[in-house]
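Engineer: structural data only, the sequence is not supplied:
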C-alpha cells in the first residue's frame, strides 16, 4: 500500500504513530459511531452536532492533546457547526448505553485485529475464556455545577465497572452508573447480561453475592471470586492437604452456598494462607469457585492472583491517558470521557499486541512501557495530521482486519524498542534524614551545596589516613 513519501517518512521515524492512526481509523470510524448512536440512544438525537464529532473532541482531551474540552473545541472549531455551549450540552446528555456500546464496538474491532496479528498473551487457563471484573469510582471533579458550590465534600461523578480480557489485554465492556454511592454488587444484573457459556469470571469479594454466583453458574459459566464476609457457606468435609505456591499454602474443601438456611449451589472453597499479609492485614484469603475438579486449587489461586492485571489496565488509563477529566461535573459527561479513554486504551492494546507478535511476549512485557508508547503518539500525532490529513487515512476504515493486521505486523518490525523501554526498577527508598531546625526562614542553596561538598571532602581525606 503506497500513500506517498510523506507517509513513508513518518513510518520510518515514528511507526507507532502510524500504527495508532491506522488502527484509530479502522476501529473508531465516524460513520460507525454515528450509526451506533442512532441505534442505542434512547432520548438523545442529532441535529447538527454528530456523535462522532463529540467523540473526537473528547479523544483529544483523554489523549492529552488538549487540556480540556474548550481547548479541544478550539482545535477543531472550523469543522464544528455549533457553539461550545452546545458541545457541553451534548456531553451532559450522552446516555450510558451509548457510551458502553461505543466501548464494545471498538473492542470488537480491536479483537479481530489481535486475532489476526497472533498477538495474544499466554492464556491464564487453557481451554477457558477468562474475564476479569473490577470497579473504579471516578475521582472528584471541580465544583463547577451550581449545586456543588460551597459544599465541603468532594463531588463524585459516578462509578464504572470494566471487564478485561487478559489474553488480549482488551477492556471488552464497561458498565456505567451515575450514582457514585452505588455499590458494585448492585450492578450485578448488567454484568450477568455479559456472561457467556464457558467463561471464567474473576472478581473481588465486592461481587460475591448469592445472586451473582448463582447467575454465573446458571449461564453455564464459571467464577473465581473471593469470599465476602457476609457470604453464608455450609462446609462438608475437611480441607485437603496444603500445597505450597509462590504466594502461600493452598488447600480446599467442598461447601454449599446458602441463603436463608437453604442450599443454593455446591462450590469449592479454596483457602490460601499467605506468606505476606495483604495491605488490609489479612493473613489468608478464601476463594469460591465452581470450576471442575480438573482445575487444581493452586490454579484457582493463581487465577485470582491474576485479578491484579486489571489494576495495571486502570493504571494505564490514569497515567498514559486521562480517564478522569475533573472539569466535567455532569455524571454523563464524566462517564463518557472514561469510556473514550477505555476505547483509546484498547487501541494502544492493539499496538502492544503487534509488538508481541513481532518481538515476543516476554520481551514486550518486561521492556516496553505503555506510557512511552502513548507519549510518542501524543507528541507526533498533531504534526502528522497536518502533513497527512484525515482523508488520507480513510482507506484503513473498511480495510479487512487480516490485511490491516499484516500491515501492523510489518510496521511493528520497524519500531525501535529502546525509545519505549521501561525505566529500570527503583532501588529501595533511603530512610528520611532527621529534620534540622534552622534559625532563618530562608537558606541559600549554593551555600548548602558548598558546605556539603566540604564535608564530603573532609570525610574522604579521613578515609585516606592510615
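Structural biologist: All right, it came through fine. Bear in mind that the values here come from a model prediction, so they are computed numbers and not experimental data.

Engineer: contact partners for the residue nearest to residue 101 when sequence neighbours are not counted?
Structural biologist: Once flanking residues are discounted, residue 101 sits nearest to residue 40: 4.4 Å by C-beta to C-beta, 6 or more residues apart in numbering. For every residue, glycine as well, the C-beta is placed using N, CA and C. By C-beta atoms under 8 Å, 6 or more residues apart in numbering, the contact set of residue 40 is 95, 97-98, 101.

Engineer: can I assume residue 3 is in contact with residue 392?
Structural biologist: Yes. With contact defined as C-beta atoms under 8 Å, residue 3 reaches residue 392; the gap is 6.4 Å.

Engineer: next step: the contacts of residue 40 restricted to helices.
Structural biologist: If you go by DSSP state H, the contacts of residue 40 have 97-98, 101 in helices.

Engineer: and those, which is closest to residue 165?
Structural biologist: Using C-beta to C-beta, the shortest approach to residue 165 within the ones in helices among the contacts of residue 40 belongs to residue 101, at 17.5 Å.

Engineer: correct me, but the closest one touches residue 35?
Structural biologist: No. Contact between residue 101 and residue 35 fails when scored by C-beta under 8 Å: they sit 10.6 Å apart.

Engineer: compare these two (neighbour count), which wins?
Structural biologist: Using other C-beta atoms under 10 Å as the criterion, residue 101 and residue 35 rank with residue 101 on top: 20 against 14.

Engineer: pLDDT value on that one, please?
Structural biologist: Note on residue 101: pLDDT of 95.

Engineer: and if you look at residue 60?
Structural biologist: At residue 60, pLDDT is 89.

Engineer: what do you get for residue 2?
Structural biologist: What the model reports as pLDDT for residue 2 is 52.

Engineer: about what we covered before: list only those of the contacts of residue 40 flagged as buried.
Structural biologist: Neighbour counting with 16 or more other C-beta atoms under 10 Å marks 95, 98, 101 as buried within the contacts of residue 40.

Engineer: for the residue nearest to residue 101, give its distance to residue 369.
Structural biologist: From residue 40 across to residue 369, the span is 35 Å (C-beta to C-beta, to the nearest Å).

Engineer: returning to that earlier point: among the contacts of residue 40, which pair sits farthest apart?
Structural biologist: 95 and 101, at 9.6 Å, using C-beta to C-beta across the contacts of residue 40.

Engineer: so residue 359 sits right up against residue 418, yeah?
Structural biologist: No. If you go by C-beta under 8 Å, residue 359 and residue 418 don't touch, sitting 12.0 Å apart.

Engineer: so which of the two has more stuff around it?
Structural biologist: Using other C-beta under 10 Å, the more surrounded residue of residue 359 and residue 418 is residue 359, with 16 against 7.

Engineer: for that one, what are phi and psi?
Structural biologist: Residue 359 adopts backbone torsions of phi -100, psi -10, taken as degrees, to the nearest 10.

Engineer: and if you look at the one 5 residues further on?
Structural biologist: Backbone torsions for residue 364, taken as degrees, to the nearest 10, come to phi -70, psi -40.

Engineer: can you give me the pLDDT of it?
Structural biologist: Turning to residue 364, the model gives it a pLDDT of 89.

Engineer: SS state for residue 132?
Structural biologist: strand (DSSP: H, G, I helix; E, B strand; the rest coil).

Engineer: who does it bridge with?
Structural biologist: residue 164, residue 202 (DSSP bridges).

Engineer: so how far is residue 375 from it?
Structural biologist: Taking C-beta to C-beta, one finds residue 132 at 26 Å from residue 375.

Engineer: so for the two, which sits in the more crowded spot?
Structural biologist: Using other C-beta under 10 Å as the criterion, residue 132 and residue 375 rank with residue 132 on top: 26 against 16.

Engineer: the more buried one reaches residue 312, doesn't it?
Structural biologist: No. Counting by C-beta under 8 Å, residue 132 does not reach residue 312; the two are 10.5 Å apart.

Engineer: so where do the strands sit in the stretch 51-200 of the chain?
Structural biologist: Assigned by DSSP state E, counting those that start in this stretch, the strands in the stretch 51-200 of the chain fall at 129-137, 159-165, 170-177, 199-203.

Engineer: which residues touch the longest one?
Structural biologist: Identification of contacts with strand 129-137 by C-beta under 8 Å, 6+ apart yields 123-124, 156, 158-167, 172, 180, 184, 191, 194, 196, 198-204, 206-207, 303, 306-307, 309-311, 314, 338.

Engineer: what subset of these is buried?
Structural biologist: Buried among those (16+ other C-beta under 10 Å): 124, 156, 158-167, 172, 180, 184, 191, 194, 199-204, 206-207, 303, 306-307, 309-310, 314, 338.

Engineer: and the contacts of residue 40, which is closest to residue 329?
Structural biologist: Looking across the contacts of residue 40 and measuring by C-beta to C-beta, the closest to residue 329 is residue 95, at 17.3 Å.

Engineer: how much space between the closest one and residue 45?
Structural biologist: Per C-beta to C-beta, residue 95 is found 11 Å from residue 45.

Engineer: what of residue 307?
Structural biologist: Distance from residue 307 to residue 45, by C-beta to C-beta: 40 Å.

Engineer: now do residue 230
Structural biologist: 44 Å.

Engineer: pLDDT on stretch 283-290, on average?
Structural biologist: For stretch 283-290, the mean per-residue pLDDT is 94.

Engineer: so what touches that stretch?
Structural biologist: Identification of contacts with stretch 283-290 by C-beta under 8 Å, 6+ apart yields 208, 213, 216-217, 222-227, 231, 233, 248, 255, 257, 265-274, 277-278, 295, 300-301, 304.
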